[in-house]
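# compute the structure for the input listed below.
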Amino acid sequence: MKILITGGAGFIGRHLTCALQKRGHWVRWLDSLDAQIHGPEAATDPDYCRQADEMILGDVRRRRDWQRALRGVDVIIHLAAQTGTGQSMYRIAYYNDVNVGGTALLWDILANERNSVKRVLIASSRAVYGEGAYRCQGVCGTVVPEPRSKTQLDKKNWEVCCPLCGGLVQPIATSEASIPRPASMYSCTKLAQEQMSLTMGKALCIPTIACRFQNVFGPGQSLRNPYTGIISIFSNQLRQNLPINVYEDGNESRDFVFVEDVAEICAQAMEWDCESAVVNGGSGHQTRMIDLANDLHRLWNSTSKISITGDFRVGDIRHNWADMTQLLRLYPNWHPMNLKQGLKKYVYWAQGQAVYMDQTRRAKEELKKRNL
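Predicted coordinates for the structure are as follows:
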């Protein structure tokens, strides 16, 4: 098949390209080579995008770039997006233009212009769940709490409570059936993106899959971007023996999934016999932030001081990890890489990369001056 990957030059896109080409597919990229992710030199480096069978330097916000990229393709894998949770809370129009507007343009063309597209895969995010699923310790059963407010976070009250009775709750794995409760502008745009795609895919009889990725990490993830990718952010600091700031009380948790596993999910999804689906893409395991920081500290053999500071970002969530039942139904032979093994692979790769100035203080100040 001829496959278009938007955002193909990103680290997920590169791994996915390898997985697809091994299966004999032809891959075209549409990518803007955003300097925040790729660096200012990427757009002028002729070797930067050699991996793709064809590369189009373009923007998903421009109709003519979409038209050029869509010519002759059978499948679209739409990865291109702005992804920083904190940054999305003040670059609101920009995130909406890229994530929502870019996706709207895609479907406008598919609805109104001749094309050969037979399948679409949209990269969604675990962020659409907000706080995700919990079990009330009273009588309310499974619930999805409201996002935590800044007033609550200012009081260092980190935990969520039952939205029905106000009582204690216990986090559980979040399934695709959970009610979405976005907690950031980024998550709002991802939910809009997937709902738009599932709706139009059904209307146009184009099988469409929305894959809700958890926290993806691995070789190729930008070490220079201070807004997203906590493993890369910590690694860039640890290799320079800079202090590590673990937010809240360190007990907040995430589901970390290795990028090669995500690439395999996407490649396999091209063969699923379904008209539409929403599928979690995670490991199904919970990892606390303080444990992640300590594991990376050992792997880097760093002298960095790890501090639990009580800092926070409005829009961050407390806990979330994926219920993998739906994926295993569609892909019974899928087995994710163990986190510790994945971290070793990541650190081995990162040790050979350039060292970048730590920009997290600047990113934090951007939020602070906006009271976020």
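# show the contacting residues for the nearest residue to His319 once chain neighbours are set aside.
Nearest residue to His319, sequence neighbours excluded (C-beta to C-beta, 6 or more residues apart in numbering): Pro171, at 4.1 Å. To be clear about C-beta, it is placed using only N, CA and C from the backbone, and glycine gets the same treatment. Applying C-beta atoms under 8 Å, 6 or more residues apart in numbering to Pro171 gives the contacts Gly132, Ala133, Tyr134, Ser253, Gln286, Arg318, His319, Asn320, Trp321.
# the first one: neighbouring residues, count only.
Here the number of neighbours of Gly132 (other C-beta atoms under 10 Å) works out to 27.
# in the stretch 51-200 of the chain, which spans are helices?
63-70, 85-88, 92-95, 102-112, 150-154, 185-203 (DSSP state H, counting those that start in this stretch).
# any chance of JSON lines for these, columns mean neighbour count?
Output for those, formatted as JSON lines (neighbours: other C-beta atoms under 10 Å):
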{"stretch": "helix 63-70", "mean neighbour count": "17"}
{"stretch": "helix 85-88", "mean neighbour count": "23"}
{"stretch": "helix 92-95", "mean neighbour count": "16"}
{"stretch": "helix 102-112", "mean neighbour count": "18"}
{"stretch": "helix 150-154", "mean neighbour count": "13"}
{"stretch": "helix 185-203", "mean neighbour count": "21"}
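# out of the ones you listed, flag the one nearest Val347.
Of all the helices of the stretch 51-200 of the chain, the one in closest proximity to Val347, counting by C-beta to C-beta, is helix 85-88 (24.0 Å).
# so which elements touch the closest one?
Packing partners of helix 85-88 (3 or more C-beta pairs under 8 Å, 6 or more residues apart in numbering; DSSP states H and E): helix 185-203, helix 360-368.
# 10 Å instead?
helix 92-95, helix 185-203, helix 360-368 (3 or more C-beta pairs under 10 Å, 6 or more residues apart in numbering; DSSP states H and E).
# what residues does that helix touch?
With contact meaning C-beta atoms under 10 Å, 6 or more residues apart in numbering, helix 85-88 is reached by 36, 82, 94-96, 99, 125, 127, 183-190, 225-228, 313-317, 363-364, 366-367, 370, 372.
# now the buried members of those.
Buried members of the contacts of helix 85-88, counted by 16 or more other C-beta atoms under 10 Å: 36, 82, 95-96, 99, 125, 127, 183-190, 225-228, 313-317, 363, 366-367.
# any idea how far Ala183 is from Ala322?
17 Å (C-beta to C-beta, to the nearest Å).
# likewise Glu113?
Applying C-beta to C-beta, the value for Glu113 to Ala183 is 36 Å.
# just the ones of the contacts of Pro171 in strands?
Those of these mapping onto strands are Tyr134, Ser253, per DSSP state E.
# can I get the contacts of Pro171 in JSON lines including distance to Met200?
Putting the contacts of Pro171 into JSON lines (distance: C-beta to C-beta, whole Å) gives the following:
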{"residue": "Gly132", "distance to Met200": "27"}
{"residue": "Ala133", "distance to Met200": "28"}
{"residue": "Tyr134", "distance to Met200": "32"}
{"residue": "Ser253", "distance to Met200": "35"}
{"residue": "Gln286", "distance to Met200": "34"}
{"residue": "Arg318", "distance to Met200": "33"}
{"residue": "His319", "distance to Met200": "33"}
{"residue": "Asn320", "distance to Met200": "27"}
{"residue": "Trp321", "distance to Met200": "30"}
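# follow-up on the earlier one: okay, the helices and strands packed on helix 85-88 in a markdown table with distance to Leu105 and mean pLDDT next?
Shown next, in a markdown table, are the helices and strands packed on helix 85-88 (distance: least, C-beta to C-beta, whole Å; pLDDT from 0 to 100):
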| stretch | distance to Leu105 | mean pLDDT |
| --- | --- | --- |
| helix 92-95 | 15 | 97 |
| helix 185-203 | 11 | 97 |
| helix 360-368 | 28 | 88 |
